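Trainee: sequence unknown, structure follows:
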């Protein structure tokens, strides 16, 4: 599914498309609707950069079993496990 953000919304918020995606990802992560991995992908950032973004906003990272399982899956996919 693709979401289209009208240019008038970006103009009104004075945000780029990337900034808007980051804001949405942060909000969904805070509401525990997305895992850390999902939110960082949605934001178009690597996980470390997304964690730095969260830290800059004093948002704690909740790292649960699902995140751990996703990390294991990702490591297997790239041949590191």
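Mentor: Perfect, I can see it now. In this text the structure is predicted, and so the values were computed from the model without any measurement. Numbers count the residues shown, from 1 in each chain.

Trainee: where along the chain do the strands fall?
Mentor: Along the chain, counting by DSSP state E, no stretch forms strands.

Trainee: What is the burial count for the closest residue to residue 72 other than its chain neighbours?
Mentor: Excluding the flanking residues, the one nearest residue 72 by C-beta to C-beta, 6 or more residues apart in numbering is residue 81, at 6.6 Å. Backbone N, C-alpha and C define where each C-beta goes, glycine included. Burial of residue 81, expressed as a neighbour count using other C-beta atoms under 10 Å, amounts to 10.

Trainee: just checking, residue 81 touches residue 71?
Mentor: No - the pair residue 81 and residue 71 fails to qualify as a contact (C-beta atoms under 8 Å) at a distance of 9.3 Å.

Trainee: Residue 58 and residue 6, how far apart?
Mentor: Here the criterion is C-beta to C-beta, to the nearest Å. By it, residue 58 lies 31 Å from residue 6.

Trainee: Count residues in the vicinity of the closest residue in space to residue 74 that isn't next to it in sequence, would you?
Mentor: Taking C-beta to C-beta, 6+ apart as the measure, residue 74 lies nearest to residue 37, with 7.5 Å between them; neighbours along the chain are not counted. Burial of residue 37, expressed as a neighbour count using other C-beta under 10 Å, amounts to 18.

Trainee: gap between residue 37 and residue 51?
Mentor: Remark: distance between residue 37 and residue 51 (C-beta to C-beta) = 11 Å.
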